[in-house]
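**Q** Sharing a model that was predicted from the sequence below.
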Amino acid sequence: MSAFPYRRLAGSRRGTLSHASAWAGVDHILLAQGSRISETYQRVYYRDVMALLVMKRTRFLFDARLWLVPPLLIGLVASLPSEWRSTGSGVAALIGLAAAGYLYIAASFYGCRLYLATAVGNVPVASVFRTWQARKFNEQVKPLILAAQQAIATPPPLHSGPGEPVEPNAT
């Protein structure tokens, strides 16, 4: 066994202030979330996972701060000297069209949220936010979950005496 017994799973979220990742351990999935200041870890054991829930959601939501961009562009163009205003308004229009095109394309695609369903509740996997990541995560984790749950499901052999296993009736 290696010194670091974890293997990175599909999906990774890296923002300017936060990050999230998922790791496969020997008998559990380790979910790591953190910010610049602290990190939190959560274990979900393979034997406890009942299902993987993938919920489709819009990939991009309009933030209230985005509505400030057009007035700021208009104010910026208005503050330019009069001989630069026509060039500034053209540049502002191009920036506005590019931003509108990006927002339209980003809003038309879908992402997802992935949850590990256990008997206690649903555990969100923050590092997976695209459907292809959820598919890859499922491919990586499914064999581990099935192996752990099949090991629990197989009953120990019955013994009639010391060292003699009893065959169950085949009727």
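**A** That came through, no problem. Residues are numbered from 1 along each chain as shown.
**Q** for residue 141, what are its contacts?
**A** 9, 24, 29, 46, 49, 52 (CB atoms under 8 Å, 6 or more residues apart in numbering). C-betas here are computed from N, CA, C, even on glycine.
**Q** Dump those into JSON lines; add neighbour count as well.
**A** Formatted as JSON lines, the contacts of residue 141 follow (neighbours: other CB atoms under 10 Å):
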{"residue": "9", "neighbour count": "22"}
{"residue": "24", "neighbour count": "18"}
{"residue": "29", "neighbour count": "25"}
{"residue": "46", "neighbour count": "22"}
{"residue": "49", "neighbour count": "22"}
{"residue": "52", "neighbour count": "17"}
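**Q** which strands and helices sit next to the host helix or strand of residue 55?
**A** For residue 55, the element it lies in under DSSP states H and E is strand 51-58. Helices and strands touching strand 51-58, by 3 or more CB pairs under 8 Å, 6 or more residues apart in numbering; DSSP states H and E, are strand 110-117, helix 131-153.
**Q** at 7 Å what do you get?
**A** Helices and strands touching strand 51-58, as assessed by 3 or more CB pairs under 7 Å, 6 or more residues apart in numbering; DSSP states H and E, comprise strand 110-117.
**Q** Restricting to C-alpha, output the very next helix or strand once past the strand it packs on in PDB.
**A** Later in the chain than strand 110-117, the nearest helix or strand by DSSP H and E is strand 122-125. Taking Å, rounded to 0.1, in the frame of the first residue of the first chain, the C-alpha atoms of strand 122-125 are listed here in PDB:
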ATOM      1  CA  ASN A 122     -28.100  13.000   0.800                       C
ATOM      2  CA  VAL A 123     -24.500  14.100   0.800                       C
ATOM      3  CA  PRO A 124     -23.700  16.700  -1.900                       C
ATOM      4  CA  VAL A 125     -20.500  16.200  -3.900                       C
END
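**Q** Return the member of the contacts of residue 141 nearest to residue 129.
**A** residue 9 (13.5 Å; CB to CB).
**Q** Would you confirm that that closest one belongs to a helix?
**A** No - using DSSP: H, G, I helix; E, B strand; the rest coil, the secondary structure at residue 9 is strand, not a helix.
**Q** who's in contact with it?
**A** 22, 23, 24, 137, 140, 141 (CB atoms under 7 Å, 6 or more residues apart in numbering).
**Q** For residue 139, see how far away it is.
**A** Separation of residue 9 from residue 139 (CB to CB, to the nearest Å): 10 Å.
**Q** Where does the prediction get shaky in this structure?
**A** Applying pLDDT under 70 to the chain flags the ranges 1-3, 59-66, 106, 108-109, 154-171.
**Q** domains of this structure?
**A** 7-59+109-151, 64-108 (automatic domain parsing).
**Q** No more questions from me, cheers.
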